[in-house]
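Enquirer: Okay, sequence plus prediction incoming.
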Protein chains: 4
Amino acid sequence: MQSKPPPRAAARRLPRDQRVAVILQTARSVLRDRGSEQFLTSEVAERCGTSEATIYKYFPTKRDLLIKAAEDWFEEFLSDDYPARTSGPLKDRLYHAIWWALSFIRREPALSRFVLMELRADPAYRTMRIYQQNREVVERVMGVVEDGRKSGIVRDDIPMRLMRDMIFGAIEHQTWAYLRREGDFSVDDSAGWITEVILGGIVVNQPADRHLSEAVDMLEKVTASLRKQAGPKR
Amino acid sequence: MQSKPPPRAAARRLPRDQRVAVILQTARSVLRDRGSEQFLTSEVAERCGTSEATIYKYFPTKRDLLIKAAEDWFEEFLSDDYPARTSGPLKDRLYHAIWWALSFIRREPALSRFVLMELRADPAYRTMRIYQQNREVVERVMGVVEDGRKSGIVRDDIPMRLMRDMIFGAIEHQTWAYLRREGDFSVDDSAGWITEVILGGIVVNQPADRHLSEAVDMLEKVTASLRKQAGPKR
Amino acid sequence: MQSKPPPRAAARRLPRDQRVAVILQTARSVLRDRGSEQFLTSEVAERCGTSEATIYKYFPTKRDLLIKAAEDWFEEFLSDDYPARTSGPLKDRLYHAIWWALSFIRREPALSRFVLMELRADPAYRTMRIYQQNREVVERVMGVVEDGRKSGIVRDDIPMRLMRDMIFGAIEHQTWAYLRREGDFSVDDSAGWITEVILGGIVVNQPADRHLSEAVDMLEKVTASLRKQAGPKR
Amino acid sequence: MQSKPPPRAAARRLPRDQRVAVILQTARSVLRDRGSEQFLTSEVAERCGTSEATIYKYFPTKRDLLIKAAEDWFEEFLSDDYPARTSGPLKDRLYHAIWWALSFIRREPALSRFVLMELRADPAYRTMRIYQQNREVVERVMGVVEDGRKSGIVRDDIPMRLMRDMIFGAIEHQTWAYLRREGDFSVDDSAGWITEVILGGIVVNQPADRHLSEAVDMLEKVTASLRKQAGPKR
DNA sequence: GATGAATGAGAGTTCATTCAT
DNA sequence: GATGAATGAACTCTCATTCAT
């Protein structure tokens, strides 16, 4: 016989808001531990010392609970935010933004996985708050690119959407195994390389280029020696 | 009252191979229509006019059926293959390979989705035939990069894995909405832009340009100083 | 057309303990009527006017239900217990204990059959409560034998295990047909004879008898020879 | 996909009798290896290189096959028989018969288990050939007891049925674990002890008995000395 | 005589969700 | 506001048995 459930731990008769908060927190922890596929309403109820019926009082559907929990979670992440870097060389700023996006995944793999692999598939995804939240992350990175464009550093023939796909495609691909709980990754390294390739591509400096820079070197020397030769001038 | 089920539509008593083929085809179509999560053996049985027991006669497990169906499907794609382009400029060859990978997704979104989002997560993925099949696609693209490296065109400081993640991350991200049945994409355009960015990055000024303009600057200074040195002329 | 199932007969919404009790009682009756091999959870559900899901709410497994039902059943038997007889002649005490064991089988053949023929074969049998319960019965009988040994009445060269096997082998064999619902047996008679044979064996001449008759023989001879020696007497 | 069954090994188109014989032999081996609960018609078919349909041509039912196989098996055992010992002391003959019954179990535990635990439960058991076969074994043992009775060695107040139950109850209980594949037993030891207890019971020679035999000893001495005293007589 | 193909009829579970109290 | 009780509706898988060829 199933052992009797332990007597409810949590306070009964919480005001609505608190009850909701408790449930959401618990749902978050279940989502973290089990992933969305093994997410059972019964486990949420058990962990927060309520009944499943109570949960269904506040959330019409398991999925609603799941989404709300994810959104709150995401919100929290966004609010204890690093300030975006808005000045400095483009490369540094891009690195910083990508690093930040990667660190989100690193810190909350379960949430990331749920958002990236489940919610994004939902037909209603675009109407969810979490869609907007996710956009914030994307915007922060793409904002840097946009700035680069405005100041003429970034090519303006490449569609923004493509650049976005490449950057976030790379981010997700790099973190795939980690999201699967099958490996780890270095936020710093990944951010570094992605930035590097995005900015400069994978093609070696052309030979022509090398010769030119040698030429520049020589000219610098010539210039310097001419200066000396000219003596203390004015 | 449920009226008696209509007599089985499909031919009964098929020879083994044909029955297997019918089941696999049907499974493929169910996978296409429903996705792997809503894939029911009962629906496969119904659609091909057999009983579920018959299906289980030939496939030990629902998952086995699913995988076998996917593998055959993939096989079919790989066999009416375009020849890989093995000569010509790196850019053309890379474009061609990426184009080919994209066209797979374009032609078989349901299959792609299943492979990319379900099977890849399976612990046994690496031991499946489909893993090898998928590798073929990846290898074909990365082979081009490798060649580029050997001939010194591609930077050899960037880890291959990163390049792979960027290319396929970009491919998958570009096709994401399409896999979700939410949009479309142009194989040609996507392939073109991905190639472009991967090879050259997103920054306007190629190093060659930068060096060149520095050189010009200096030459101007040198010229100016030589002029002064020459004294008041004319 | 199946007419709509009649509204559930049994009271709905029983408190947990009552529901569990109802299920256990029902399970017991199904076990009695069908035996463990034809024991269907669906029949239990039907008979007690619940759904199978309700049963699985309280019992994780069909087998668990079966075992719990058997254990409770056994418990009930053990609790309306006859006191063991702890004094008096060995024979009486052994008779009493065997009688008690037989009466268990007599009263609950279905349960006995399940325990003796199914559970005993279970790898986990030794860890079950019912194993302990069964031991109580065995111990009560063997305790008498043990006492007999201590007081020198019982031979101490025969392995206890063998004696146990003989006593319970005899008990089970005697009751076999009854367990099969094919006949009946008298608890009194069986107990009497088993006690008799176990204690004394099946051979007519007890050693005491043999010696006695030898002695008589010899005395007759002695008498005869003494008569001769005394000469022709009247 | 289930791998194709290997091409049939056995000759096709066997005459009826041979086919039946092959099936029966195979069924026996499956019964031996798997026990009757895991006995699958599919495995029989596979092992003897026929189809299940062929089996059903000759045996209307799985159970029929099982029974027929067991009967043939038993027959074989009975025919390469030890001759029963028909002379000598009762104890030796009983030992021999019990030993023989035990050795059957020892040699064919799977068959024994099937007969003792499955078939015996069948309502039609009494009408089966195997019931008669089993009786042969029982008779051989009980024949010895019967002889003992006739010659006055065995008590005639104990019901034969009880003696039978005690002897075979003891045999089965002793071999229980072995039939469960959980242990082993010594045919010699078991036979020895069972014989011992059955014949003599478990009670120590009574003290009275001891005194009597001492008395006999003394009388023998008296008789002897009287004889001497009487001198060479006649 | 032989068999490949096919299946009816379940079995045991699982879980999100409802509702009377 | 809270919940214990209850369940509908699936789902995957098994196997003895039948039948057209």
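Expert: Done, it's in. Residues are numbered from 1 along each chain as shown, chains lettered A, B, ... in the order given.
Enquirer: Contact partners for residue A:30?
Expert: A:39, A:40, A:43, A:44, A:47 (CB atoms under 8 Å, 6 or more residues apart in numbering or on different chains). No exception for glycine: its C-beta is placed from N, CA and C like everyone else's.
Enquirer: meant to ask about residue A:76
Expert: By CB under 8 Å, 6+ apart, residue A:76 has no neighbours at all.
Enquirer: By neighbours, which of the contacts of residue A:30 wins?
Expert: Sorting the contacts of residue A:30 by how many neighbours each has (other CB atoms under 10 Å in any protein chain shown) puts residue A:44 first, at 26 neighbours.
Enquirer: Output the set of residues of chain A in proximity to chain D.
Expert: By CB under 8 Å from any CB of the partner chain, no residue of chain A approaches chain D.
Enquirer: Point out where chain A drops to low pLDDT.
Expert: Residues of chain A that meet the criterion pLDDT under 70 lie in A:1-12, A:81, A:201-214, A:216-217, A:230-234.
Enquirer: give me the element the nearest residue to residue A:128 once chain neighbours are set aside is part of.
Expert: Spatial nearest neighbour of residue A:128, excluding adjacent residues (CB to CB, 6 or more residues apart in numbering or on different chains): residue A:67 at 6.4 Å. Secondary structure assigned from DSSP states H and E places residue A:67 in helix A:62-79.
Enquirer: what helices or strands is the next helix or strand after that helix leaning on?
Expert: Following helix A:62-79 in sequence order, the next helix or strand is helix A:90-107 (DSSP H and E). Counting contacts by 3 or more CB pairs under 8 Å, 6 or more residues apart in numbering or on different chains; DSSP states H and E, helix A:90-107 packs against helix A:129-150, helix A:160-179, helix A:187-200.
Enquirer: re earlier: how about JSON lines for the contacts of residue A:30, with distance to residue A:128 and secondary structure added?
Expert: Output for those, formatted as JSON lines (distance: CB to CB, whole Å; DSSP: H, G, I helix; E, B strand; the rest coil):
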{"residue": "A:39", "distance to residue A:128": "17", "secondary structure": "coil"}
{"residue": "A:40", "distance to residue A:128": "22", "secondary structure": "coil"}
{"residue": "A:43", "distance to residue A:128": "24", "secondary structure": "helix"}
{"residue": "A:44", "distance to residue A:128": "20", "secondary structure": "helix"}
{"residue": "A:47", "distance to residue A:128": "25", "secondary structure": "helix"}
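Enquirer: Quick check: the farthest pair among those?
Expert: Pairwise distances among these were taken by CB to CB; the largest, 11.5 Å, belongs to A:39 and A:47.
Enquirer: sorry, back to before: what about the residue nearest to residue A:128, how many residues nearby?
Expert: Residue A:67, neighbours per other CB under 10 Å, totals 23.
Enquirer: pretty sure it is in contact with residue A:125, am I right?
Expert: No - with contact defined as CB atoms under 8 Å, residue A:67 does not count as touching residue A:125 (9.8 Å).
Enquirer: Break chain A down into its domains, please.
Expert: Per automatic domain parsing, the domain ranges recorded for chain A read A:16-75, A:82-200.
Enquirer: So which of the ones you listed is nearest residue B:72?
Expert: Comparing the domains of chain A under CB to CB, the one sitting nearest is domain A:82-200, at 25.0 Å.
Enquirer: what does chain A put close to DNA strand E?
Expert: A:39, A:40, A:41, A:42, A:52, A:53, A:56, A:60, A:61, A:62, A:63 (CB under 7 Å from any atom of the strand).
Enquirer: so who does the second one touch?
Expert: For residue A:40, the contacting residues are A:30, A:34, by CB under 8 Å, 6+ apart.
Enquirer: May I have the phi/psi pair for it?
Expert: Dihedral pair for residue A:40: phi -110, psi 130, per degrees, to the nearest 10.
Enquirer: Quick check: it vs chain C, distance?
Expert: Separation of residue A:40 from chain C (CB to the nearest CB, to the nearest Å): 14 Å.
Enquirer: returning to that earlier point: I'd like the helices and strands packed on helix A:90-107 laid out as CSV, including mean neighbour count.
Expert: As requested, the helices and strands packed on helix A:90-107 are exported to CSV (neighbours: other CB atoms under 10 Å in any protein chain shown):
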stretch, mean neighbour count
helix A:129-150, 17
helix A:160-179, 22
helix A:187-200, 20
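Enquirer: so which of those helices comes closest to chain B?
Expert: helix A:160-179 (3.0 Å; CB to the nearest CB).
Enquirer: Tell me the helices and strands packed up against the closest one.
Expert: Under the contact rule (3+ CB pairs under 8 Å, 6+ apart), helix A:160-179 is packed against helix A:90-107, helix A:109-113, helix A:129-150, helix A:187-200, helix B:160-179, helix B:187-200.
Enquirer: what's the angle from the first one to helix A:187-200?
Expert: With axes from the mean of the first three to the mean of the last three CA atoms, to 10 degrees as the criterion, the two stretches helix A:90-107 and helix A:187-200 enclose an angle of 140 degrees.
Enquirer: CA atoms only: put helix A:90-107 into CSV for me.
Expert: The C-alpha coordinates for helix A:90-107 follow below in CSV (Å, rounded to 0.1, in the frame of the first residue of the first chain):
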residue,chain,number,x,y,z
LEU,A,90,33.0,46.8,-30.8
LYS,A,91,34.8,43.6,-30.3
ASP,A,92,34.8,44.0,-26.5
ARG,A,93,31.2,44.9,-26.4
LEU,A,94,30.1,42.0,-28.6
TYR,A,95,32.2,39.6,-26.5
HIS,A,96,30.6,40.9,-23.4
ALA,A,97,27.1,40.5,-24.8
ILE,A,98,27.6,37.0,-26.0
TRP,A,99,29.3,36.1,-22.8
TRP,A,100,26.3,37.3,-21.0
ALA,A,101,23.9,35.2,-23.1
LEU,A,102,26.1,32.1,-22.6
SER,A,103,26.2,32.7,-18.9
PHE,A,104,22.5,32.6,-18.7
ILE,A,105,22.5,29.1,-20.3
ARG,A,106,25.3,28.1,-18.0
ARG,A,107,23.5,29.1,-14.9
